[in-house]
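S.K.: sequence and computational prediction follow.
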Amino acid sequence: MIRICLRAETKAFEKRSPLSPESAKALIDQGFHICVEESKERCFDIECFRDVGCTIIPSGTWIDLPSDFYILGLKELPESLSKLTHKHIYFGHAFKEQVGWKQLLEKYKRGGGSLIDMEFLTSSEGRRVAAFGYWAGYCGAALAVMNWCKQLSDRGFLSTIASFKNRDVLSEELNKQYALAKKSAVSIPSIVVIGYKGRCGTGATDLLQQLGITPVLWDIEDTKGKGPLIEALGHNILINCALVTPDTEPFLLPEHIDTLERKLSVICDVSCDPTSPYNPLPIYSETTTFNRPIQRLSKNENLLDLIAIDHLPSLLPLESSLDFSDQLLGTLLQLGQTDCYELNAANSTFQAVLATLE
């Protein structure tokens, strides 16, 4: 029997879940054993999991489960753990030389556990099996416009944000703020979306079009070999949804920030990988958070604010979790099988990176 434990997230403001009660039931119906840690933050009520047959355990007790359990989560594990013995499925952020990657993999090496990193859980065509990209772009665009509205009203910025119950509630609030801002604006904001063809870019574009904004759309053919992208300084808002790769040239550099000629006043880095050596926006080095969503980059009166939240879909945890869980279910159903391309490829990537520690 394949056993999976959905762990409680420990990251602040993280309300998403990689597994919905509906997907848990589908797994149970196929003979899987599913246990779920209690969580006050998760967008799904614990009773919904209990009702479909899941075993409920206290938060943080996955550590004591037998090592054959798959431990399913989203964000990082507690740093206090010295070794990892289970088979983990989550976004490990350890395969592209991010900060702390060696220390994390050493824990797997010491404990004999393994990591199926969801970012590297891809089909034979190279497309990720499950991704929050659409909702990251959607939520990132919403926050970018909200911050632009705040700049117009009092030259301020978003001081704190919280998750919305659903997309309708977010849309109602955003439409209200945008309608007020347009009254004082000279024109509607000029917005450029970089990486518009991907999931993130599609989400960002959909949100903007719902507001009646037609963004300028750039993709790899518009940016490859052309960095820095000075033209971006002529737009009000830049939303970066580009895939970070080793050959990506910087889109903007620090010297572009404090210029009075710059029109750009809001950057939302949806891709958000500041600790990677391939970061195309090397104008910042730390992410922002829900309780501090904005980093004001400018040092003069020409405002420039940055949004770099690494879990943007938590703004809409319900929709993003339902979507992600539906995408992931097919792969989870193949756990324990030897002929699943996606799982075999993810394990091969883990083993290859682990071998570099020797």
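M.R.: All right, it came through fine. Numbering: from 1, shown residues only.

S.K.: mind listing what the closest residue to Lys263 other than its chain neighbours touches?
M.R.: Of all residues beyond its chain neighbours, the one nearest Lys263 is Gly234 (5.3 Å), with distances taken as Cβ to Cβ, 6 or more residues apart in numbering. Bear in mind the C-beta positions are built from the backbone N, C-alpha and C, glycine included. Going by Cβ atoms under 8 Å, 6 or more residues apart in numbering, Gly234 touches Ser190, Lys263, Leu264.

S.K.: likewise Pro280?
M.R.: Pro280 neighbours (Cβ under 8 Å, 6+ apart): Gly227, Asn240, Ala242, Val244, Thr248, Glu249, Pro250, Phe251, Ser271.

S.K.: whichever of those residues end up buried, select them in PyMOL.
M.R.: Those of the contacts of Pro280 that count as buried under 16 or more other Cβ atoms under 10 Å are selected in PyMOL with:
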select buried, resi 240+242+244+248+250+251+271
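
S.K.: reformat the contacts of Pro280 as JSON lines; add secondary structure.
M.R.: Shown next, in JSON lines, are those (DSSP: H, G, I helix; E, B strand; the rest coil):
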{"residue": "Gly227", "secondary structure": "coil"}
{"residue": "Asn240", "secondary structure": "strand"}
{"residue": "Ala242", "secondary structure": "coil"}
{"residue": "Val244", "secondary structure": "coil"}
{"residue": "Thr248", "secondary structure": "coil"}
{"residue": "Glu249", "secondary structure": "coil"}
{"residue": "Pro250", "secondary structure": "coil"}
{"residue": "Phe251", "secondary structure": "coil"}
{"residue": "Ser271", "secondary structure": "coil"}
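
S.K.: adding pLDDT and distance to Leu174, write the contacts of Pro280 out as TSV.
M.R.: Formatted as TSV, these follow (pLDDT from 0 to 100; distance: Cβ to Cβ, whole Å):
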residue	pLDDT	distance to Leu174
Gly227	89	31
Asn240	98	20
Ala242	96	24
Val244	82	27
Thr248	86	30
Glu249	91	33
Pro250	94	31
Phe251	96	26
Ser271	95	22
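
S.K.: which one of the contacts of Pro280 is nearest to Pro215?
M.R.: For these, the residue nearest Pro215 by Cβ to Cβ is Asn240; the value is 12.5 Å.

S.K.: who is that closest one paired with across the strands?
M.R.: Counting by DSSP bridges, Asn240 is bridged to Ile194, Asp269.

S.K.: ok, it to Gln295 distance?
M.R.: Distance, Asn240 to Gln295, using Cβ to Cβ, to the nearest Å: 14 Å.

S.K.: swap in Ile2?
M.R.: Counting by Cβ to Cβ - Ile2 and Gln295 are separated by 43 Å.

S.K.: from the contact counts, what lies against the helix or strand hosting Ser321?
M.R.: Assigned by DSSP states H and E, Ser321 belongs to helix 317-332. Counting contacts by 3 or more Cβ pairs under 8 Å, 6 or more residues apart in numbering; DSSP states H and E, helix 317-332 packs against helix 21-29, helix 133-154.

S.K.: for stretch 172-187, which outside residues touch it?
M.R.: Ala142, Val145, Met146, Trp148, Cys149, Lys150, Leu152, Ser153, Phe164, Ile188, Leu211.

S.K.: most neighbours among the residues you listed, which one?
M.R.: When neighbours are taken as other Cβ atoms under 10 Å, the top entry among the contacts of stretch 172-187 is Ala142 (29 neighbours).

S.K.: how about TSV for the contacts of Gly234, with neighbour count and pLDDT added?
M.R.: Shown next, in TSV, are those (neighbours: other Cβ atoms under 10 Å; pLDDT from 0 to 100):
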residue	neighbour count	pLDDT
Ser190	15	97
Lys263	13	96
Leu264	23	97
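
S.K.: now these in a markdown table, with distance to Ser23 and secondary structure?
M.R.: As requested, the contacts of Gly234 are arranged in a markdown table below (distance: Cβ to Cβ, whole Å; DSSP: H, G, I helix; E, B strand; the rest coil):
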| residue | distance to Ser23 | secondary structure |
| --- | --- | --- |
| Ser190 | 41 | coil |
| Lys263 | 45 | coil |
| Leu264 | 41 | coil |
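
S.K.: ok, the residues you listed vs Lys40, which is closest?
M.R.: Leu264 (39.4 Å).

S.K.: quick check, pLDDT for Asn166.
M.R.: At Asn166, the model reports a pLDDT of 96.

S.K.: leaving out chain neighbours, which residue sits closest to it?
M.R.: That would be Leu318: by Cβ to Cβ, 6+ apart, it lies 5.7 Å from Asn166.

S.K.: how about the contacts made by that neighbour?
M.R.: Shown in contact with Leu318 (Cβ under 8 Å, 6+ apart): Cys43, Lys165, Asn166.

S.K.: tell me how far the nearest residue to Pro21 once chain neighbours are set aside lies from Glu125.
M.R.: Closest residue to Pro21 apart from its sequence neighbours, by Cβ to Cβ, 6+ apart: Cys48 at 4.0 Å. Here Cys48 is placed at a distance of 34 Å from Glu125 (Cβ to Cβ).

S.K.: show me which of those two is the more surrounded one.
M.R.: Neighbour count, other Cβ under 10 Å: between Cys48 and Glu125, Cys48 has more, with 16 against 5.

S.K.: name the helix or strand for the more buried one, please.
M.R.: Assigned by DSSP H and E, Cys48 belongs to helix 46-51.
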